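1. output the structure for:
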Amino acid sequence: MVPPLRASSAISTPAAPSCATRSADIERLLPTMSGHKSPTPARDCTGRAPWAGTVLTLLALQLGFGLWLMPAAYSRLGWVPGTVAVTALMVLTMYSGFLISRLVTAVSGCVLFSDIGEAAAGTKGRWLVQGIVHSFGATRCIILHLVTSQSLQHAAGNAEVPLVVYSLVIAVTALFCIQVKAMNKLGWFLTFGTFGQAFAALIVTVSLIARPLPAYQRQTVAFQTADTEMALVGLMNMVFAYGGQFAFVEVINAMQRPSEFASAVRASTAVMGAAYVALGGIGYWSMGAVVPSVIIFGIGSGLFARLAANAILAQALGQYLLNLNVWTHNMLTLLARSQGKAQGERIESAADHHWLTWLAATSAVITYAFAVSMTVPFLSSLVALATSATSLVCAYTLPAWFTLLLLPDAITRGEYYVCVALIPLSLLASGTGFYSSVRVLAGEITGAILLRDRALAEVDAY
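-> The predicted structure is shown next:
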């Protein structure tokens with residue numbers, strides 16, 4: 001039987017989901033849990049994003065560098081496993097967005113994902129969510145700083161300049177741009193980056209179709225038992241490409257009508273799924289087993305390749321800024337709450353933070369991302385490590401668990417068993433993916449050290 005609803009003082013009647021009136025959609029979504037309905041004040045829509053703006057924000061957040069990892073993921077899995085994985089993750093992402101949207105509605109005053117954790121499991125739940133979300137946010141900052149730096153290097157077309165120089169340029173640029181705190185004010189840049197991503201995808205696709213490498217092997221199922229670790233790294237790269245659930249609560253709170261978030265997730269995820277299958281399949285068809293880990297950096301250095309690199313630079317920077325915004329907002333909100341109830345209650349979005357505090361926090365985060373990304377510059381393995389350690393749990397384990405704790409009376413029996421199954425399956429995938437990612441990353445670091453030592457020995461001999 002479905003367990004009875006656990007009492008929690010953090011749950012109340014649904015909050016107002018629009019700028020003017022209560023949303024009838026949300027009232028139908030959840031039964032009244034406190035036994036009465038009290039009038040809800042109108043929502044202030046100043047600085048809030050419309051549905052279309054939210055879809056573009058989600059695309060900027062999620063349809064990022066994971067797109068360029070798809071052909072390599074297909075080469076590690078094969079046609080059938082790759083397509084099945086992309087399709088399954090598309091459905092799971094839509095469902096995860098629906099769960100998180102419903103949980104935000106159920107928990108009164110929800111500003112951060114950790115607020116849901118506290119409502120479901122008390123202080124331990126809050127600390128668990130904070131640890132997972134901040135670990136993932138921290139790792140994403142490293143990954144996105146590295147990605148943006150590599151994009152700038154390819155856009156400049158000068159491989160002789162060290163990557164660290166481009167990384168410094170990105171650090172200064174990001175620090176300047178991130179001082180625009182409100183997401184709706186970043187919307188124009190995020191939209192520009194999303195269209196830049198589409199333009200780059202078009203160039204890469206045409207290039208792959210025009211110059212295939214027919215001699216290399218393509219397989220229906222590409223991996224054998226000995227290749228399981230690399231296959232799991234490819235799968236974790238696919239999961240990363242659908243990531244972003246860590247920021248869903250912040251995106252919901254930035255909407256004019258939060259009740260429309262689930263439909264926005266469905267729209268953005270459908271676009272992502274089509275893009276991932278198309279580019280992943282075409283890239284694997286064109287280059288087979290020798291496809292590079294990041295396809296956009298493997299199409300040569302001609303004019304069109306440079307144009308694609310410049311286009312992807314705008315998207316990479318936009319995604320980096322969005323991740324910086326969410327992670328910094330999370331940290332500063334927790335800091336404000338630790339200073340007192342009144343201080344914490346005035347914070348609802350990134351725009352509410354003091355400019356000097358925001359400058360100090362973003363400076364620290366960008367410095368950290370710069371330092372670590374230049375120390376461990378192995379993109380694919382870093383992505384897999386971050387995904388397996390935190391993204392799977394954040395995207396699927398926690399929303400399913402919290403739904404079982406907070407909303408058992410609002411779900412069907414079939415949905416109940418889906419949530420029950422998601423918890424062990426996502427944890428199993430997380431554990432095996434983490435083990436494989438650590439082993440592959442350790443091998444890459446060892447190989448890099450050996451190459452460096454060999455180069456130094458050759459210099460000394462000369």
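
2. in what helix or strand does Ala364 lie?
-> Ala364 is part of helix 355-375, with elements assigned from DSSP states H and E.

3. in that helix, what's buried?
-> Using 16 or more other Cβ atoms under 10 Å as the test for burial, helix 355-375 gives 358, 361-362, 365-366, 369-370, 372-374. Just so you know, the C-beta spots here come from the backbone N, C-alpha and C atoms, and that holds for glycine as well.

4. and the residues you listed, which is closest to Arg76?
-> Using Cβ to Cβ, Ser373 comes nearest to Arg76 of those, at 23.5 Å.

5. so the closest one sits against Thr148, correct?
-> No - Ser373 is beyond contact range of Thr148, at 9.3 Å (criterion: Cβ atoms under 8 Å).

6. for the strand or helix carrying Phe199, packing partners?
-> According to DSSP H and E, Phe199 maps onto helix 183-210. Where contact means 3 or more Cβ pairs under 8 Å, 6 or more residues apart in numbering; DSSP states H and E, helix 183-210 is packed against helix 51-62, helix 66-77, helix 261-287, helix 303-338.

7. number of nearby residues for Pro408?
-> By the criterion of other Cβ atoms under 10 Å, Pro408 has 17 neighbours.

8. just the pLDDT for it.
-> For Pro408, the pLDDT comes out at 90.

9. before we move on, what about Ala457?
-> For Ala457, the pLDDT comes out at 64.

10. cool, Gly447 as well?
-> Looking at Gly447, its pLDDT is 71.

11. what does Val86 give?
-> Listed pLDDT for Val86 reads 94.

12. please identify the buried residues of stretch 265-273?
-> Quick answer for stretch 265-273 (16+ other Cβ under 10 Å): 265-269, 271-273.

13. one more: stretch 90-101?
-> 90, 92-101.

14. just the mean pLDDT for stretch 163-183, thanks.
-> 84.

15. could I get that stretch in PDB with only the CA atoms?
-> Output of stretch 163-183 as PDB, limited to C-alpha atoms (Å, rounded to 0.1, in the frame of the first residue of the first chain):
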ATOM      1  CA  LEU A 163      45.200  27.400 -22.800                       C
ATOM      2  CA  VAL A 164      45.800  29.200 -19.400                       C
ATOM      3  CA  VAL A 165      45.900  32.600 -21.200                       C
ATOM      4  CA  TYR A 166      42.500  32.000 -22.800                       C
ATOM      5  CA  SER A 167      41.300  30.800 -19.400                       C
ATOM      6  CA  LEU A 168      42.300  34.100 -17.800                       C
ATOM      7  CA  VAL A 169      40.400  36.000 -20.500                       C
ATOM      8  CA  ILE A 170      37.300  33.900 -19.700                       C
ATOM      9  CA  ALA A 171      37.700  34.500 -16.000                       C
ATOM     10  CA  VAL A 172      37.800  38.300 -16.400                       C
ATOM     11  CA  THR A 173      34.900  38.300 -18.900                       C
ATOM     12  CA  ALA A 174      32.700  36.100 -16.700                       C
ATOM     13  CA  LEU A 175      33.400  38.200 -13.700                       C
ATOM     14  CA  PHE A 176      32.300  41.300 -15.500                       C
ATOM     15  CA  CYS A 177      29.200  39.800 -17.100                       C
ATOM     16  CA  ILE A 178      28.000  37.900 -14.000                       C
ATOM     17  CA  GLN A 179      27.400  41.200 -12.100                       C
ATOM     18  CA  VAL A 180      24.100  41.300 -14.100                       C
ATOM     19  CA  LYS A 181      22.300  39.200 -11.400                       C
ATOM     20  CA  ALA A 182      18.700  39.000 -12.700                       C
ATOM     21  CA  MET A 183      18.100  36.000 -15.000                       C
END
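
16. nothing else from me, thank you.
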